[in-house]
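# Sequence isn't available, so here's the structure alone:
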């Protein structure tokens, strides 16, 4: 049988394994509703959901469980698995490869220059990942999505748009599942590639902790949707999180993604005050 992603037989073994066992955040885990986090969202003037799995205390917390189970476009949070696809397929050599700017001026000035993996992740440069998508093609994208069980694994709606406003959807719970596997290097990719992606995700650190995270901004039926997903590493264990919020005010609401997330994490001591 032809391998849809062009990798080893390990792909098929992983798919069979994933179909045989429930997700890490399945029904057997007890998620406790946090009314105080609903207050954090309300204070920010946004509607949304927050999911936190704290492995330091084996706690599972959520605000708005129904929405936490609802799938939305992943937007730029998809850059995390997407880069793993590109690395696995050999489209990207290493973190030092430079992607020349094509001269097309885009509305975010930081995108209008040459990029490497670190800058394109930090600045969330969409055109770099659109290059990857065109080289991968829809069939291989679908194969990789199924390979890791990512959301609905549906890359329809344009090969270079499906994660922005196309068919791909994922829930906050599923985001946490994916992040836990990446944290443990348990995804079916080379460990070196997983470690590189995790290094590119670092957005903050101190002597006792490291914060790895990614934002996303997409559209759902004409309304802005914002994501902030990632985890905080402590000696006692990792604290995984995923939140999404409605952004009716567009760019004015964009800073609220990380602001709400940090406020929530501070309530459980996952980030310092």
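All right, it came through fine. Values in this document were obtained by computation on a predicted structure and should not be read as measured data.

# Nearest residue to the most centrally placed residue in the chain in space, please, no chain neighbours.
The centroid of the chain falls nearest to residue 77 when counting by Cα atoms, centre = their mean (3.4 Å). Nearest non-adjacent residue to residue 77, counting by Cβ to Cβ, 6 or more residues apart in numbering: residue 216, 3.9 Å away. All C-beta atoms are positioned from the backbone trio N, CA, C, and that covers glycine.

# Tell me the bridge partners for that neighbour.
Beta bridges link residue 216 to residue 227 when assigned by DSSP bridges.

# Next, count neighbours for it.
24 (other Cβ atoms under 10 Å).

# correct me, but residue 191 touches residue 185?
Yes. Using Cβ atoms under 8 Å, residue 191 is in contact with residue 185, at 4.8 Å.

# out of the two, which sits in the busier spot?
Each of residue 191 and residue 185 has its neighbours counted (other Cβ under 10 Å); residue 185 has more, 14 against 10.

# That one contacts residue 197, correct?
No. Using Cβ under 8 Å, residue 185 is not in contact with residue 197, being 10.3 Å away.

# Which neighbours do these two have in common?
Listed as contacting both residue 185 and residue 197 by Cβ atoms under 8 Å, 6 or more residues apart in numbering is no residue at all.

# picking that back up, now do the contacts for the residue nearest to residue 77.
Neighbouring residues of residue 216 by Cβ under 8 Å, 6+ apart: 74-78, 225-229.

# And residue 227, by the same measure?
Shown in contact with residue 227 (Cβ under 8 Å, 6+ apart): 72, 74-77, 175, 214-218, 242-244, 257.

# likewise residue 104?
By Cβ under 8 Å, 6+ apart, residue 104 lies in contact with residue 127.

# Quick check: pLDDT value at it.
pLDDT, residue 104: 96.

# picking up where we left off before, can you tell me how far the residue nearest to residue 77 is from residue 45?
20 Å (Cβ to Cβ, to the nearest Å).

# try residue 162
Residue 162 is 31 Å from residue 45, by Cβ to Cβ.

# Ok, residue 200 next?
Where residue 45 is concerned, residue 200 sits at a distance of 32 Å (Cβ to Cβ).

# which one of the two has more residues nearby?
Per other Cβ under 10 Å, whichever of residue 200 and residue 45 has more neighbours is residue 200, with 20 against 12.
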